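Peer 1: sequence and computational prediction follow.
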Amino acid sequence: MSKQLSDQTVQEEKAFSNQPPKKRPSPKSITINSQKTQDFSELLSKLSLAGEMSTSIAHEVRNPMTTVRGLAQLLAMEHPEKIGYYQLMIEEIDRANQVLSEFLCLAKNSPITFTDVILNDILRRAIDLLYSRTLQQEVHLYMFFDDNVCLHADENKLMLAFMHILKNAIEASQRGGNVFVRTRICSNEVKVRIVDEGIGIEESISHKIMEPFFTTKDGNPGLGLSVAYKIIEDHGGSLVINSLPHIGTIVEVSFPLPASAAEPE
């Protein structure tokens, strides 16, 4: 993919929805390819440090959380008239547990269970899980998938990575905006491109967006893109982000194909 994201590139994706193009300015584009930056090793070190620090804390916190969750379930059965309160407690505990799980993903030796998975199925599941968010944001999401590709990967972690990227795209979009998800097989790799027409990334923060705990959103732990990148890197993949402020962002994830699935040169 070209390092220069242009308005024409975004419109190429929009053409699939048969919507008329909009006239927009052409601000300076930014490109983020962590594997080609001088700070690549420093980024990996920060991700690993955050994960290692979190490992012992997460295990200590999860035990009492499990106890509280069990008690909330018991109270919900004993007092059905207050089930709404107890269900809210359980949901909040589960949300906190999800954050802990994401911290653990950053650990250097985070366990990965590799199996044969279908990439398109993982993307569809991730999109389905974010369906309610697209409704809330009134965002239109379009899928254009190439032939099914089988990867040797951790299905749950890969789905988590794509959910974070998709969530960012949806949240960056204006109401009524579009998000496009496209897969493409290129020689010996498969590419997943996620395009939004949102606010884009300002150049002043572009060097920070994949660092753990960096966020511009209130109430957000700032782990999403860090976790996504770490998972993709653990799978031998790469992540490239191209963005134009106030026009949109393209995130392209690439994975090497198994020898049996790669196209001949």
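Peer 2: Nice, I can see it.
Peer 1: shaky segments in the stretch 51-200 of the chain?
Peer 2: 51-56, 106-109 (pLDDT under 70).
Peer 1: helices of that one, start to end?
Peer 2: Assigned by DSSP state H, counting those that start in this stretch, the stretch 51-200 of the chain shows helices spanning 83-105, 119-129, 131-137, 155-172.
Peer 1: for the stretch 101-250 of the chain, just list every one of the strands.
Peer 2: Counting by DSSP state E, counting those that start in this stretch, one finds strands in the stretch 101-250 of the chain at the ranges 115-118, 140-144, 150-153, 178-186, 189-196, 238-244, 248-256.
Peer 1: in CSV, list those strands along with distance to H164 and mean neighbour count.
Peer 2: All C-beta atoms are positioned from the backbone trio N, CA, C, and that covers glycine. Formatted as CSV, the strands of the stretch 101-250 of the chain follow (distance: least, C-beta to C-beta, whole Å; neighbours: other C-beta atoms under 10 Å):
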stretch, distance to H164, mean neighbour count
strand 115-118, 18, 12
strand 140-144, 15, 15
strand 150-153, 16, 18
strand 178-186, 14, 20
strand 189-196, 11, 22
strand 238-244, 11, 22
strand 248-256, 10, 22
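Peer 1: what would these look like in JSON lines with distance to V61?
Peer 2: Shown next, in JSON lines, are these (distance: least, C-beta to C-beta, whole Å):
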{"stretch": "strand 115-118", "distance to V61": "29"}
{"stretch": "strand 140-144", "distance to V61": "35"}
{"stretch": "strand 150-153", "distance to V61": "28"}
{"stretch": "strand 178-186", "distance to V61": "34"}
{"stretch": "strand 189-196", "distance to V61": "32"}
{"stretch": "strand 238-244", "distance to V61": "29"}
{"stretch": "strand 248-256", "distance to V61": "31"}
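Peer 1: nearest to E202, of those strands?
Peer 2: Proximity of the strands of the stretch 101-250 of the chain to E202 was assessed by C-beta to C-beta; the nearest stretch is strand 238-244, lying at 8.8 Å.
Peer 1: parallel or antiparallel, list what pairs with the closest one.
Peer 2: According to DSSP bridges, strand 238-244 has the following sheet partners: strand 30-33 (antiparallel), strand 248-256 (antiparallel).
Peer 1: and the ones you listed, which one averages the lowest pLDDT?
Peer 2: Mean pLDDT is lowest for strand 30-33 among those, at a mean of 63.
Peer 1: V61 touches L100, doesn't it?
Peer 2: Yes - using C-beta atoms under 8 Å, V61 makes contact with L100 at a distance of 6.5 Å.
Peer 1: buried set for stretch 58-76?
Peer 2: Across stretch 58-76, burial judged by 16 or more other C-beta atoms under 10 Å covers 58, 62, 69, 72, 76.
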